[in-house]
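Trainee: Take this sequence and fold it.
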Amino acid sequence: MSLFLLTLFGCQNQEKKGDTKAIKPNIIYVYVDQMSANMMSCAGNTYLKTPAIDYIANNGIRFTRAYTTNPVCSPARVSLMTGRFSGYFKDDKGHEVRENRGSMAIPEVSQEVKNTTIASYLKKANYELYFGGKEHLPESLTPKALGFNKFSDNERGELVNKAADIIKAKHENPYFMVVSLINPHDICYLALRKKATSKNDAILLKRAKVELATLDNAMEIPEGVSKEDFYKNYCPPLPENYEPQIDEPKAVKSLIDNRPFRKNAREHFSDNDWKHHRYAYHRLVEVLDKEVQVLLDAIKKSGQEENTLVMFSSDHGEMSASHRMEHKSTLYEESANIPFMAMWKGHIPEGQVNTTSLVSNGIDLLPTVCDYANINGVADSRGKSLKPLFEGKQIPWRETLGVESEIGKMVVEKNGLKYMRYDVEGIEEQLLDLKRDPFETKHFTNDPAMKSNFERLQSIYNTEWFSQ
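Mentor: Alright, predicted model coming up:
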């Protein structure tokens, strides 16, 4: 009997030791602000160098078809914390939350939401929780309110240095850390300071001393380079979709016209102004990359690289002269398509580039993190764990994905079709095709050959993603 128990106990121990699912890694989520999916040298962009970000991609997996739930700061961050679309929530006036002002006015959330946040689940899995950097969240969903240890309010170098100290420290339990970095968001101030017309704009600029100094550094023309040479040979060229979309929706025009600095940029920026804007944007991504390197160095120095899952993504992108626009909030690819990558040495096969799977960093992050923490986490039931994709497994995956914005919503399809429904200047519907027109210069809404696709995606929009 004793021999039987001893043998059984030994077998059980062996099974547990060999069960990779029992391993709970440290998880670091590097969450940046206003970075489009193509703003990395590993994505083929030759106008910048991002060795730190490339390291994560090259040692794991990079998704090219990752989208935010909503391409503006606060709504995207609500999704980070809750695993839900921001439109799930109502502001203090009962309106669906789809823009910054409404998102910041979300009142006390329900007990159901509190019990299903990313923090709630990870606390049940005995994870230490750390959050540093930008929040931009309503009071009921701040890191402190949800149980994170808020270790830094800084959003730049000081933040990554403090994060590095935590990474190198000894931990009794695995930890989940969000490092919420601000750049390349400083690009926002370029157009704003050229046409700051409101009291709120003036307040923003007065408070933005560090932001403006960082932007000024990013805009500096290299020493010894003439302006002619700079604009010709140093700046990224104007994008292929530099002009407004043919038959541009009224909703997009409304978005631009509602903020004078956006309207001024579209109507009065010269070609060289836009080139300089793009140059500065690329330099700000390089500022960010140096901060990411501090985190990677700390992970290596801690000796925990093979026990740490690192994920990298952004809350939204930046238009960067596409359609003569800057800022975000649109459903165009530059604004909604974001970087998403993951690295865990020895567990995620390196060098993967997934060009087909539709991924949402807003609704998929929570179930993914919970999967690695060995706990079942569900917020929005349409969110999916990315762990099988990280591991390179061939599994059935979603065919479509929903995205919200302050001017409308859309459904993106795996084959490259996009059904858009704008709703701020009346209902405007569009069908785009990223295969036929990857730069979204026109739409195919009235093409007779696309009628069945239009109706099919219209139905999917209503029944699977945004039923009213």
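
Trainee: Buried ones in stretch 86-98, by neighbour count?
Mentor: 86-89, 91, 97-98 (16 or more other CB atoms under 10 Å). Where you see a C-beta, it was placed from the backbone N, CA and C, and this is true even at glycine.

Trainee: next one: it to chain centre, how far?
Mentor: 21 Å (CA atoms, centre = their mean, to the nearest Å).

Trainee: Run through who's touching that stretch.
Mentor: Here stretch 86-98 makes contact (CB atoms under 8 Å, 6 or more residues apart in numbering) with 69-70, 74-76, 78-79, 82, 101-103, 105-107, 109, 380, 404-406, 409, 466.

Trainee: If we use 6 Å, what do you get?
Mentor: In this structure, residues lying in contact with stretch 86-98 by CB atoms under 6 Å, 6 or more residues apart in numbering are 70, 75, 78, 102-103, 105-107, 404, 406.

Trainee: Mind putting the residues you listed into JSON lines with neighbour count?
Mentor: JSON lines is the format used below for these (neighbours: other CB atoms under 10 Å):
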{"residue": "Asn70", "neighbour count": "32"}
{"residue": "Pro75", "neighbour count": "31"}
{"residue": "Val78", "neighbour count": "28"}
{"residue": "Gly102", "neighbour count": "22"}
{"residue": "Ser103", "neighbour count": "26"}
{"residue": "Ala105", "neighbour count": "17"}
{"residue": "Ile106", "neighbour count": "24"}
{"residue": "Pro107", "neighbour count": "12"}
{"residue": "Glu404", "neighbour count": "29"}
{"residue": "Glu406", "neighbour count": "24"}
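
Trainee: tell me the centre residue of the protein?
Mentor: Ser314 (2.6 Å; CA atoms, centre = their mean).

Trainee: where's it relative to Glu223, distance?
Mentor: Distance, Ser314 to Glu223, using CB to CB, to the nearest Å: 31 Å.

Trainee: Check which residues of the host helix or strand of Pro388 are buried.
Mentor: For Pro388, the host element (DSSP states H and E) is helix 387-390. For helix 387-390, the buried set under the neighbour-count rule, 16+ other CB under 10 Å, comprises 387, 389-390.

Trainee: Dump that helix to PDB, restricted to CA.
Mentor: Extracted in PDB, the C-alpha atoms of helix 387-390 (Å, rounded to 0.1, in the frame of the first residue of the first chain):
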ATOM      1  CA  LYS A 387      -2.500  31.900 -26.600                       C
ATOM      2  CA  PRO A 388      -3.100  29.200 -29.300                       C
ATOM      3  CA  LEU A 389      -2.200  31.800 -32.000                       C
ATOM      4  CA  PHE A 390       0.900  32.800 -30.000                       C
END
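
Trainee: Which helix or strand lies directly C-terminal to that helix?
Mentor: strand 400-404.

Trainee: Just list what that next one packs against, helices and strands only.
Mentor: Contacts defined by 3 or more CB pairs under 6 Å, 6 or more residues apart in numbering; DSSP states H and E place strand 400-404 against strand 408-413.

Trainee: what's the angle from the strand it packs on to strand 400-404?
Mentor: 160 degrees (axes from the mean of the first three to the mean of the last three CA atoms, to 10 degrees).

Trainee: how near is the closest residue to Leu129 other than its chain neighbours to Val32?
Mentor: Counting by CB to CB, 6 or more residues apart in numbering, the nearest residue to Leu129 once its immediate chain neighbours are dropped is Phe148, at 4.5 Å. Distance, Phe148 to Val32, using CB to CB: 18 Å.

Trainee: Could you point out the helix or strand that follows whichever helix in the chain runs longest?
Mentor: Counting by DSSP state H, the longest helix found in the chain is helix 271-302. Next along the chain after helix 271-302, taking DSSP H and E as the criterion, comes strand 308-314.

Trainee: which residues touch the helix holding Pro388?
Mentor: Residues beyond helix 387-390 that count as contacts (CB under 6 Å, 6+ apart) turn out to be 61, 342, 348, 357, 368, 371, 395.

Trainee: still on that earlier bit, among the buried residues of stretch 86-98, which ones are in strands?
Mentor: Among the buried residues of stretch 86-98, DSSP state E puts none in strands.

Trainee: Distance to Leu238 and pLDDT added to these, as JSON lines?
Mentor: Shown next, in JSON lines, are the buried residues of stretch 86-98 (distance: CB to CB, whole Å; pLDDT from 0 to 100):
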{"residue": "Ser86", "distance to Leu238": "33", "pLDDT": "97"}
{"residue": "Gly87", "distance to Leu238": "34", "pLDDT": "96"}
{"residue": "Tyr88", "distance to Leu238": "38", "pLDDT": "97"}
{"residue": "Phe89", "distance to Leu238": "38", "pLDDT": "96"}
{"residue": "Asp91", "distance to Leu238": "38", "pLDDT": "88"}
{"residue": "Val97", "distance to Leu238": "35", "pLDDT": "96"}
{"residue": "Arg98", "distance to Leu238": "30", "pLDDT": "96"}
